[in-house]
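J.: show me the folded form of this:
(chains A and B)
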Amino acid sequence: MMQLISANHASAAAVTLAARANRKGRGFCSGVYPITPQTECIERLCEETIEKGSVVRVESEHSAMAVCMGASLAGARSFTASSSNGLAYMAENVFAAGFFRLPIVMMAVNRTLGPPWNIWVDHGDTLMLRDSGWIQIYCEDNQEVHDSILLAYRLAEDERVLLPVMVCQDAFVLSHTLMATDIPGQPAVDAFLPALNLPHRLTERPRVVGGLEFPHETEMHRKQHMEAMGRVPAVYASVQDEFERCFGRRPADPVVPYRLDDADLAVVAMGTTSSTVRAAVDELRAEGLRAGSLRIRMFRPLPEVALRSRLAGRRKIAVIDRDVCPGLGGIVWGEIRGLADPGAVVQSYLVGLGGGDIRPEHIRRIYEDLAARDRAGDPVFLEAGR
Amino acid sequence: MRTISDLESFVGGDRSEPLLRPGNTNCGGCGMSIALNMLSRAIAQRPVQIVIPACCGIVTAGPFPWSAYGAPVVASTFAAAAAVATGLARVAAANGEKTRILCFAGDGGTYDIGMATISAAAERNEDLLFICYDNEIYGNTGGQRSSATPLGASTTTTPEGKHAPKKDILGIMAAHRVPYAASVSLAHADDMMRKLEGALDARGFRFLHILSPCPTGWKSEPSEGIELIRLAVDSGLYPVIEITKGRDVRINVEPSFSEDALRSFVRRQGRFARSQVEVEVIQEGIRSEWEKLRAAAGPPRLPSPPGARMVPDRFAVR
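T.: Numbering: from 1, shown residues only, chains lettered A, B, ... in the order given. Just a heads-up that it's a prediction; the model follows:
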C-alpha cells in the first residue's frame, strides 16, 4: 500500500512487518532509546502491537543494544535505532553484537557527532563503527530505507552470513521528509522472511558465549568473521532476486554507477548526496561535459571487486565525504583511493559536514575543480553550510 | 579438561553435574566458588541461563572452547548484564519457557558501572534474578577500590585506606520496590539456601547480595573466609536481611554486636593493616545502620526457620 511517510516511519513499518513475520519462530524483542532524529521511528514502533514480542524502553543506547543481544541470543528477531552520540555511547555493544555475529538490524540516522552539538546529517557517526563487524548499507530515499530493513533481515539471518546489519539514512533529508513509500502486506513479508532459527542461539546446553579465549582462537574467529563478510556480495545478490520475486522491486546493487562508462570525470558519493550528483551529471552532460558518478550503497563489506571494475579506466575521480577523518581527509576517500587505476587523480572533497545543504551547484564546483586538476592535492573543504 | 564434544553430550536440563565444574580458574578460598556451589544446589533441576559481565566470575569459565560452568552462560559487556538478561527473559516469556534468567556479577558490575542498567531493569521489574558476589574490590583487575570497598580498607588505588564508606546496595535496590532483595551470608547455609531457592522461584526482579571473601584482595587466609563472614555478621557489620516489595524488612540473623568479633574481623585481614580508621568509628557506622534497620523491621523477632520458603511474589511481568 502506498503511503506518504517519513523514513523514520518507513523504518518502523518495515521492522513491524519483520517482527510479525517471526511469530511462528521465537518472536521479536527490541531495546529502544530515543535520540533525535531517530525518535519518530521508535515512537511508532512503540505504538504497534506485535503478537509475540516486546519493545523494551531502556535507559541508554548501551542497554538498547544489550537487550537486542540478549533477545537475539535467545533466538528472537531484534531491532534498534540510533544516531550520532547515541551510537557512540552504544559502541561497545555494537562491537559485541558484531563479534557475537547476532543478526540484529539497526536503523541508524546519520547525524553529526557532538560536541559542538549539531543534529543535522553527517556520516561520521556510522563510519566510526565501520570496523565493528556490521554490514553497512547507506540509503538514498524512503522506499530504499524501508526495503533495506526487510532485506537486511534476510541478509543478516542467512546462515552463510549471520552478521548484524546497519541501515543508514541521512538525518532530516530522509528521516523527517515525507515521500510516497510502498509498504507491502504481511503475507509477502512472511514469504520473504521465514521464521528465524539462529544456529547459535542459547539453549540449555552448557557453553560460554563470548568468554575468554587465547590469541589463536581469536585469530580463528576474526578469520571466520572476514570469511562471512566475504560471502556477503554473493548472498546479497541472491537476496535481491528473492526480494524482487516477493515484492516486485529490485533493491539497488552495492555499487550503483550512473553514466559512468564513457565518463572523463567520476564523482563517488554515498547517501542522498548521490541523487544530487546524478542531477548535476545530467546538467553537465547536457552541456557536453562527460560527467559520471558512482554511488556506494554498501560500505561494509566494501564492494572492492565492483568498485575496482567500475573505476577502471577512470583518470579523474572525486570522492565526496560527508564526514571528516581529522589527520587524513574523508573516510570514504581513504578507502577508495587505493582502488582506482595507478596514476589516476583521486581527490577528496569534504562537503556538507554538519548538515550543510548540498546543492547541484556545489557538485558542479567539484566537477570543475576536478577537471582542472593534474594531480590530487589536500582534501578540499567545500563549505556548503554557508 | 572437557572438550567441546563432551559439552555436546551434556543434555539440557540435567543439573546432576554441578554448576561450578572442575577446571575453573578460581583462587583457593574464593567466596564466589562457595556461592556458586550453593547456587548449584539451589538450582537443582531448574533450567537456567546465566549472564555474567566482565569480572572474575566469567574468567572462572576458563578459555574457549571449554567451560567450567554446567549451564549456558553469556559473557556480557561490563555494564550490560541486566539488559542482556532482559532480552533473554523477554524471549523466554514470549515462548512460554520456564528457563530462569540469572545475572551473576561482581561489585564493580553491580555497584558501579552496572548501576544504571540494574536500576533500569529493577524499575521495569524484569523477570530475572540478579546476584552480586561482592568481594569489595575490582578483584579481576588486581584489587582496586570500588564503591563497595569498605571504609579504611587498603586497595591498590587507595593504599592509605579508603576514605568513603561502602554504598548501601541493598537499600538502593529495595528503594526500587522490587519484589525481593536480600543479603546472603556464606556462613549461614540454611538461610542462604532458602533465599537462593526462593529467589529462583519468585517472579519479577530479585536481587541477592553475597559478601564474598577474596583472600588475594583482603589479604586473608584462604581457609578463614567463612569465619570472616561469620565475624562480619556477628559484629553487625554485614546485616543478613531480606526486603520484600521494598518495604517489609526482615532481619534473618541477629548479631551479638561483639566488639571482639569486629576487632577479630579487622585484625585477620591485611587490607586493614594501614587503616587510619579506628574500630570505634566502624562501630558507630554499624550502630547507625542498625538503628535504621530496627526502625524499618520493628522489634527483634525469631529468625525464619531453616528451609522456610519466603512468601512468593508472583508479580506480573510486563
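J.: CA only for contacts and neighbour counts going forward, please
T.: Will do.
J.: pull the helix or strand containing residue B:210 out as PDB, backbone CA atoms only.
T.: For residue B:210, the host element (DSSP states H and E) is strand B:206-211. What follows is strand B:206-211, C-alpha atoms only, in PDB (Å, rounded to 0.1, in the frame of the first residue of the first chain):
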ATOM      1  CA  ARG B 206      15.000 -10.200  42.500                       C
ATOM      2  CA  PHE B 207      18.300  -9.100  44.000                       C
ATOM      3  CA  LEU B 208      20.700 -11.100  46.200                       C
ATOM      4  CA  HIS B 209      23.800  -9.600  47.700                       C
ATOM      5  CA  ILE B 210      26.600 -12.000  48.800                       C
ATOM      6  CA  LEU B 211      29.600 -10.800  50.700                       C
END
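J.: tell me the contacts of residue 150?
T.: No chain was given, so I picked chain A. Applying CA atoms under 8 Å, 6 or more residues apart in numbering or on different chains, one finds that residue A:150 lies in contact with A:14-15, A:18, A:189, A:193.
J.: sorry, I should have been clearer: chain B.
T.: By CA under 8 Å, 6+ apart, the contact list for residue B:150 reads B:136, B:162, B:164-166.
J.: switch the cut-off to 6 Å
T.: Counting by CA atoms under 6 Å, 6 or more residues apart in numbering or on different chains, residue B:150 touches B:165-166.
J.: separation between it and residue B:163?
T.: 9 Å (CA to CA, to the nearest Å).
J.: ok, residues contacting the strand holding residue B:210?
T.: Outside of strand B:206-211, the residues within contact range by CA under 6 Å, 6+ apart are B:129-134, B:180-184.
J.: buried members of those residues into ChimeraX, please.
T.: This is the ChimeraX syntax for the buried subset of those, where burial follows 16 or more other CA atoms under 10 Å in any protein chain shown:
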select /B:129,130,131,132,133,134,180,181,182,183,184
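J.: pLDDT score assigned to residue 318?
T.: All of this is about chain A. Confidence at residue A:318, expressed as pLDDT, is 98.
J.: wait, chain B
T.: Looking at residue B:318, its pLDDT is 32.
J.: what's the answer for residue A:385, then?
T.: Residue A:385 carries a pLDDT value of 74.
J.: please list all residues in contact with it.
T.: Applying CA under 6 Å, 6+ apart, we find residue A:385 in contact with A:356-357.
J.: which element is it on?
T.: Going by DSSP H and E, residue A:385 is not in any helix or strand.
J.: distance check, it against residue A:321.
T.: Residue A:385 is 14 Å from residue A:321, by CA to CA.
J.: what do you get for residue A:154?
T.: Per CA to CA, residue A:154 is found 29 Å from residue A:321.
J.: okay, those two: which has more neighbours?
T.: residue A:321 (28 against 25; other CA atoms under 10 Å in any protein chain shown).
J.: chain B contacts on the stretch 101-250 of chain A?
T.: Applying CA under 6 Å from any CA of the partner chain, one finds that the stretch 101-250 of chain A approaches chain B through A:204-213.
J.: okay, and which of these map to strands?
T.: Using DSSP state E, the subset of these located in strands is A:208-209.
J.: give me the buried subset of the residues of the stretch 101-250 of chain A next to chain B.
T.: The neighbour count (16+ other CA under 10 Å) marks A:204-212 as buried among these.
J.: pick out the residue of the stretch 101-250 of chain B closest to chain A.
T.: Chain A sits closest to residue B:120 of the stretch 101-250 of chain B, with a gap of 6.1 Å, by CA to the nearest CA.
J.: make sure that residue is indeed in a strand.
T.: No. Assessed with DSSP: H, G, I helix; E, B strand; the rest coil, residue B:120 is helix; it does not lie in a strand.
J.: out of everything not next to it in sequence, what's closest to it?
T.: Nearest residue to residue B:120, sequence neighbours excluded (CA to CA, 6 or more residues apart in numbering or on different chains): residue A:59, at 6.1 Å.
J.: my guess is that neighbour is in a helix, correct?
T.: No. Read with three-state DSSP, residue A:59 is coil and lies in no helix.
J.: count the residues that sit near it.
T.: Around residue A:59 there are 19 residues (other CA under 10 Å).
J.: what's the answer for residue A:71, then?
T.: Counted with other CA under 10 Å, the neighbours of residue A:71 add up to 35.
J.: what of residue B:252?
T.: For residue B:252, the count of nearby residues is 21 (other CA under 10 Å).
J.: wait, residue B:269 sits on residue B:219?
T.: Yes. Here residue B:269 reaches residue B:219: they are 5.4 Å apart, a contact under CA atoms under 6 Å.
J.: quick check: phi and psi at the residue lying closest to residue A:353 once chain neighbours are set aside.
T.: Spatial nearest neighbour of residue A:353, excluding adjacent residues (CA to CA, 6+ apart): residue A:322 at 5.3 Å. With angles defined as degrees, to the nearest 10, residue A:322 sits at phi -100, psi 50.
J.: now the helices for the stretch 151-300 of chain A?
T.: A:186-192, A:215-247, A:273-286 (DSSP state H, counting those that start in this stretch).
J.: what's the shortest one packed up against?
T.: The reference is to helix A:186-192. Helices and strands touching helix A:186-192, as assessed by 3 or more CA pairs under 6 Å, 6 or more residues apart in numbering or on different chains; DSSP states H and E, are absent.
J.: would you indicate which residues of it are buried?
T.: Applying 16+ other CA under 10 Å to helix A:186-192 flags A:189-190, A:192 as buried.
J.: at the geometric centre of chain A, which residue do we find?
T.: Closest to where the C-alpha atoms of chain A average out (CA atoms, centre = their mean) is residue A:137, at 2.4 Å.
J.: the helices in the stretch 151-300 of chain B, which residues?
T.: Using DSSP H, counting those that start in this stretch, the helices of the stretch 151-300 of chain B run over B:169-174, B:189-201, B:215-218, B:225-234, B:259-267, B:279-297.
J.: I'd like those helices laid out as TSV, including mean pLDDT, mean neighbour count and distance to chain A.
T.: What follows is the helices of the stretch 151-300 of chain B, written out as TSV (pLDDT from 0 to 100; neighbours: other CA atoms under 10 Å in any protein chain shown; distance: least, CA to the nearest CA, whole Å):
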stretch	mean pLDDT	mean neighbour count	distance to chain A
helix B:169-174	98	19	16
helix B:189-201	97	21	16
helix B:215-218	98	22	21
helix B:225-234	98	22	27
helix B:259-267	97	17	35
helix B:279-297	95	14	30
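J.: which one of the ones you listed lies closest to residue A:288?
T.: With CA to CA, the closest approach to residue A:288 among the helices of the stretch 151-300 of chain B belongs to helix B:169-174: 72.4 Å.
J.: contacting residues around that closest one?
T.: Helix B:169-174 has contacts (CA under 6 Å, 6+ apart) with residue B:246.
J.: what does chain B put close to chain A?
T.: Contact residues, chain B versus chain A (CA under 6 Å from any CA): B:12, B:63-64, B:67, B:70-75, B:83-88.
J.: so where's the stretch 251-386 of chain A uncertain?
T.: A:386 (pLDDT under 70).
J.: in it, which residue sits closest to chain B?
T.: residue A:300 (24.0 Å).
J.: that residue reaches residue A:137, doesn't it?
T.: No. Contact criterion CA under 6 Å: residue A:300 and residue A:137 do not qualify, at 7.3 Å.
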